[in-house]
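>>> fold the following.
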Amino acid sequence: MAETELADVGAGGVAINIHLAAAAASGHITEGCRMPVQMTKSEEWPLAEILSIKDADEHSCKMYYVHYVDFNKRLDEWVTEDRLELSKMQLPRKDLPTPAKSSAVKEPALSAPSSRASSPERDIVTPVTPVTVALPLSILTPNNKNKSTIASRKRKLVPSLDDISLDSFDMTSSPLANPPLTPLQAPTTPLGTLTTPLGSGQPPSTPQGAVVPPTMAPPRQSGSMKVEKPSDDIISRMKNIKLIELGRYRIKPWYFSPYPEELTDVPIVYICEFCLKYVKSLKCLERHKAKCQLTHPPGNEIYRKNSLSVFEVDGRKNKVYSQNLCLLAKLFLDHKTLYYDTDPFLFYIMTEFDTKGFHVVGYFSKEKESSEDYNVACILTLPQYQRKGYGRLLIEFSYLLSRFEGKTGSPEKPLSDLGLLSYRSYWKQAIVDILLTLRSDNTEPPQMTILELCELTSIRKDDIISTLQHLNIIHYYRGQYILALGDEVVDAHKKLTEKRKVQIDPKCLHWTPKDWSKRGKW
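Below you'll find the model as predicted:
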């Protein structure tokens, strides 16, 4: 019989935890069951959900495809039964017995935790929670003598971050040079202040002295690889390609990609590293290489410095190549689904050159016409080139194109987990680099507006504000915004700068922006 434990949750009811020992003993394992599973090359036994079952050999040995709950889907794998802890198996929720209803005690519905792995890019989909910095009461009412000041300041509107400017301000000359710090603040070196005239209007519904910067609206979700809505489709949740061979590398895919079904049964999918055509055998690849004349992506080379080159590929003129590129990228990108109409997109392929040709390192795509001025629709660095700085180079190159176009840009959301980390790192370094340059060039605190920061970096205003909040270097003091760089921020910036070996050189870019609003240029 199934063991049942009752845990008291108060006078309102009880929570039922069902251990399905009987099902485990009978060996009745079905898709949707959950249990602890030993991870590969690890002693950990995290909770996992069984997504599929297959026969491994003629001896009736079964294999189970499991997804580790609260882990990224790239860790999903096929396991044998000896790695399953059957004594703690939980049947799918639809198979759970319905608890008896009672008029005296109302039992809450049983719910299973979500099998979707959490990822940091979801922070960008939802509106950003603003950083609130409350001023100490002693600053607003020195010595607590003038209480009328409190009432008058309640009627004043807190300045908005839309038009903030950076003016000179010396905290050491103020009698409140060392005010008590709030928990969000740390001892910092004053850089400058962000000020704006106090506007008129309804007073904010926030505590006195608190600053609530505006939240960012969720961005439009579209692109060459648009957002995939949450789905219970088991097929798209499972890796369908076992291994790919791209040039001299063999790579294990991370996620599902809609390659033809006949390729899902072969042990290795062979891909031409120049035209990205996929075949199912090495002999087919050799025959293809004898006929393939490409040694570089089929587009215009718009950037070259040393062995690094960038090619611009039109999704309309080179549709087959663009679709093959998206299929390859989907193997390493989650929460995306393929968008076969590549006509509205441009693809920028970063390559490394050697005696054999130009080898694809990574790429990003962008819309020819973006109503939201997005400068990236999808971005990826291939796994064999990750952790070498190429992701940052792709991001830097996308903002360089925005600078040539004379506009600010931002990537479409949600980003992948690795993409989010790369963008946050780039925004931090680009903004701090500008601020440190301004401080070193002036003996007094510099004067600058947020819009000027946008023009210098080509980063959208919302991204700059969120980065300042993330770094915790923007504070509100005496009716104005103050930027202060702490030693930790400066030291971290110096370490990142020392690690960078390759940078994008604007002088090596040979590219003229096009007005894609004229359909004749498509």
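>>> helix/strand/coil for the closest residue to residue 356 other than its chain neighbours?
Of all residues not flanking residue 356 in the chain, residue 295 sits nearest, at 7.4 Å (Cβ to Cβ, 6 or more residues apart in numbering). In this view, the C-beta of every residue, glycine as well, is placed from N, C-alpha and C. State at residue 295, reduced to three classes by DSSP: H, G, I helix; E, B strand; the rest coil: coil.
>>> low pLDDT regions in the stretch 401-522 of the chain?
Scanning the stretch 401-522 of the chain with the threshold set as pLDDT under 70 gives 440-443, 519-522.
>>> sorry, slip of the keys, the one I care about is the stretch 251-400 of the chain.
Going by pLDDT under 70, which is the cut-off in play, the stretch 251-400 of the chain has low-confidence ranges at 336-339.
>>> in it, which spans are strands?
269-271, 278-279, 300-305, 308-314, 336-338, 345-354, 357-367, 374-376, 378-381 (DSSP state E, counting those that start in this stretch).
>>> nearest to residue 506, out of the ones you listed?
Smallest distance to residue 506 across the strands of the stretch 251-400 of the chain (Cβ to Cβ): 9.6 Å, for strand 300-305.
>>> by how many degrees do that closest one and strand 345-354 diverge?
Put simply, strand 300-305 runs at 50 degrees to strand 345-354, going by axes from the mean of the first three to the mean of the last three Cα atoms, to 10 degrees.
>>> tell me the buried residues in strand 300-305?
Buried residues in strand 300-305, counted by 16 or more other Cβ atoms under 10 Å: 302, 303, 304.
>>> quick check: the last one touching residue 505?
What it means is residue 304. No: counting by Cβ atoms under 8 Å, residue 304 stays clear of residue 505, with 9.9 Å between them.
>>> and the contacts of stretch 234-243?
Stretch 234-243 has contacts (Cβ atoms under 8 Å, 6 or more residues apart in numbering) with 31, 51-52, 65, 67, 73, 76, 228, 250-257, 259, 263-264, 266-269, 331, 337.
>>> let's see 7 Å
Contacting residues not belonging to stretch 234-243 are listed as 51-52, 65, 67, 76, 250, 252-253, 255-257, 259, 263-264, 267-269, 331 [Cβ atoms under 7 Å, 6 or more residues apart in numbering].
>>> just checking, the residue nearest to residue 356 touches residue 273?
No: if you go by Cβ atoms under 7 Å, residue 295 and residue 273 don't touch, sitting 9.8 Å apart.
>>> the two: which is more packed in?
Neighbours were tallied for residue 295 and for residue 273 using other Cβ atoms under 10 Å; the higher tally belongs to residue 273 (20 against 13).
>>> from memory the more buried one sits against residue 249, does it?
No: counting by Cβ under 7 Å, residue 273 stays clear of residue 249, with 8.8 Å between them.
>>> shared neighbours of those two, which are they?
Shared contacts of residue 273 and residue 249, counting by Cβ under 7 Å, 6+ apart, come down to nothing at all.
>>> show me where the stretch 351-500 of the chain has its helices.
390-405, 417-441, 450-457, 461-471, 487-499 (DSSP state H, counting those that start in this stretch).
>>> the shortest one to helix 390-405, inter-axis angle?
In other words, helix 450-457. Angle, helix 450-457 to helix 390-405, by the same axes, to 10 degrees: 110 degrees.
>>> now do helix 450-457: which elements does it pack against?
Contact here means 3 or more Cβ pairs under 7 Å, 6 or more residues apart in numbering; DSSP states H and E; on that basis helix 450-457 packs against helix 417-441, helix 461-471.
>>> show me the contacts for the nearest residue to residue 364 once chain neighbours are set aside.
Closest residue to residue 364 apart from its sequence neighbours, by Cβ to Cβ, 6+ apart: residue 379 at 4.0 Å. With Cβ under 7 Å, 6+ apart as the criterion, the residues that contact residue 379 are 364, 394, 411, 419.
>>> ok, now residue 367?
223, 344, 345, 374, 377.
>>> just put these in a markdown table and tack on neighbour count.
What follows is the contacts of residue 367, written out as a markdown table (neighbours: other Cβ atoms under 10 Å):
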| residue | neighbour count |
| --- | --- |
| 223 | 22 |
| 344 | 20 |
| 345 | 22 |
| 374 | 21 |
| 377 | 22 |
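>>> how about those, which pair is most distant?
When Cβ to Cβ is used, the two most widely separated members of the contacts of residue 367 are 344 and 374, lying 12.1 Å apart.
>>> verify the stated contact: residue 366 with residue 347.
No: the criterion here is Cβ under 7 Å, and residue 366 misses it with residue 347 at 8.4 Å.
>>> ends of stretch 455-462, what's the gap?
For stretch 455-462, the first-to-last residue distance is 13 Å (Cα to Cα, to the nearest Å).
>>> ditto for stretch 333-350
Across stretch 333-350, the straight-line distance between its terminal residues is 18 Å, by Cα to Cα.
>>> what does it contact?
Where contact means Cβ under 7 Å, 6+ apart, the residues beyond stretch 333-350 that reach it are 73, 224-228, 255, 258, 297, 310-316, 319, 322-323, 325-327, 330, 360-368, 377, 380, 390, 393-394, 397, 414, 416.
>>> only whichever of those are buried, select them in ChimeraX.
The ChimeraX command for the buried members of the contacts of stretch 333-350 (criterion: 16+ other Cβ under 10 Å) is given here:
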select :73,224,225,255,297,310,311,312,313,314,315,322,323,325,326,327,330,360,361,362,363,364,365,366,367,368,377,380,390,393,394,397,414,416
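>>> distance check, residue 422 against residue 401.
Taking Cβ to Cβ, to the nearest Å as the criterion, residue 422 is separated from residue 401 by 17 Å.
>>> quick one: which of the helices and strands packed on helix 450-457 is nearest residue 47?
Closest approach to residue 47 among the helices and strands packed on helix 450-457 (Cβ to Cβ): helix 417-441, 20.3 Å.
>>> what's next to stretch 36-49, contact-wise?
Applying Cβ under 7 Å, 6+ apart, the contact partners of stretch 36-49 are 32, 34-35, 66-69, 71, 77, 79, 83-85, 88, 115.
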